[in-house]
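In: sequence first, predicted coordinates after that:
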Amino acid sequence: MIEARGLTKRYGAKTAVDGMSFTVQPGKVTGFLGPNGAGKSTTMRMVVGLDRPTAGTVAVNGRPYAQHRAPLREVGALLDAKAVHTGRSAYNHLRVMAATHGISRSRVDEVIEMTGLGPVARKRVGGFSLGMGQRLGIASALLGDPHTLILDEPVNGLDPEGVLWVRNLVRYLAGQGRTVFLSSHLMSEMALTADHIIVVGRGRVLADAPVQDVVARASGTAVRVRSPQAAALEELLRRQGATVTSVEHGLLEVTGSTAPAIGDAAASAAIALHELTPVQSSLEDAYLALTADEVEYHSAVAGPTTPSDAPARATAPTGAVR
């Protein structure tokens, strides 16, 4: 469990984290969402003692991270996959980490197999692709078989197979009763992975609830209606006080009414309907609505970009954490 109370971090006049209070419960995957500059990475760094809070407290499994005698066995963290000696092999990097906590070589071999690093384990990390670097970071986080896992953008650079592997892994860990806290900019992936989300903006908590509750709050009363008599239906619904937008020929989007009410009105006026669909908001819609006024860095409109080369593929592991 992770418990933050009034957590605050200032850098001079800049307040990166502003009185955050939240609890990350065991047994579920908790997503941590927010725009760039919202304070996510700073918060995660304070959880594992890399930054000291200006005010407030944060505890992991009942005590501050620095007070754990064997922190790797309590908390596994992926905060910066590049924070590795590039001249070492993946195997040696993990062996050095294991030695600090008396972790066996068999466990090193286990996490290498689990994360698909076997074919490159003896190669220097400096030659790794972004995706393989992420896999090494996840292997490092899993090394101590920890009760709590903190992952900052764990699917960054992974191919679709790797993304699916991370999704299954974190859900498996949560199913074992462990605490899983992860951030991602991929809303579609977070919607598939997380049970609970915490949304932050400008250093403050904007939402802290199960995913379905956050999405439900953002859902309006929009209804898609398709009819060969769309003009007559639009006029009818406007007279009843609804707001109607013509999306394309024969297709309307209606707010201020419900699907049953629209269906009843159309039936009473003998207007044929070919589609009557309540519009369900997505997690991305909910996120954008929550953070609309909290975005610190806005991008200018730009043309299409050229995709980068795909990262090297690696076989998804079949093993599981002990």
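Out: Ah, there it is. Numbers count the residues shown, from 1 in each chain.
In: counting by contacts, list what the helix or strand where Gly263 lies packs against.
Out: Gly263 belongs to helix 259-268 when assigned by DSSP states H and E. Packed against helix 259-268, as judged by 3 or more C-beta pairs under 8 Å, 6 or more residues apart in numbering; DSSP states H and E, are the following elements: strand 223-226, helix 230-239, strand 275-278. Bear in mind the C-beta positions are built from the backbone N, C-alpha and C, glycine included.
In: how far out from the middle of the chain is whichever helix or strand comes after the longest one?
Out: The first helix or strand that comes after helix 230-239 along the chain, using DSSP H and E, is strand 243-248. In terms of C-alpha atoms, centre = their mean, to the nearest Å, the centre of strand 243-248 is found 33 Å from the chain centre.
In: got a list of what the residue most central in space within the chain touches?
Out: When the chain is reduced to its mean C-alpha position, the nearest residue by C-alpha atoms, centre = their mean turns out to be Ser184, at 3.5 Å. Residues touching Ser184, when contacts are defined by C-beta atoms under 8 Å, 6 or more residues apart in numbering, comprise 31, 33, 153-155, 190, 193.
In: now, among these, which is nearest to Met20?
Out: Leu33 (13.4 Å; C-beta to C-beta).
In: got phi/psi on the closest one?
Out: With angles defined as degrees, to the nearest 10, Leu33 shows backbone torsions of phi -120, psi 150.
In: so Ala4: helix, strand or coil?
Out: strand (DSSP: H, G, I helix; E, B strand; the rest coil).
In: tell me the bridge partners for it.
Out: When bridges are called by DSSP bridges, Ala4 pairs up with Phe22, Val58.
In: for it, what are its contacts?
Out: So Ala4 contacts 20-23, 43, 47, 56-58 (C-beta under 8 Å, 6+ apart).
In: about what we covered before: in strands, which of the contacts of Ser184 fall?
Out: Judged by DSSP state E, strands contain the following of the contacts of Ser184: 31, 33.
In: ok, and the most crowded of the contacts of Ser184?
Out: Highest neighbour count within the contacts of Ser184, by other C-beta atoms under 10 Å: Pro154, with 27 neighbours.
In: out of the contacts of Ala4, grab the one that's most surrounded.
Out: Each of those was scored by neighbours using other C-beta under 10 Å; the highest score is Thr43's, at 30 neighbours.
In: helix/strand/coil for the closest residue in space to that one that isn't next to it in sequence?
Out: Distance criterion C-beta to C-beta, 6 or more residues apart in numbering; nearest residue to Thr43, sequence neighbours excluded, is Val17 at 5.6 Å. Following three-state DSSP, the label given to Val17 is strand.
In: and Val17, bridged to which residues?
Out: With DSSP bridges applied, the residues forming beta bridges to Val17 are Lys9.
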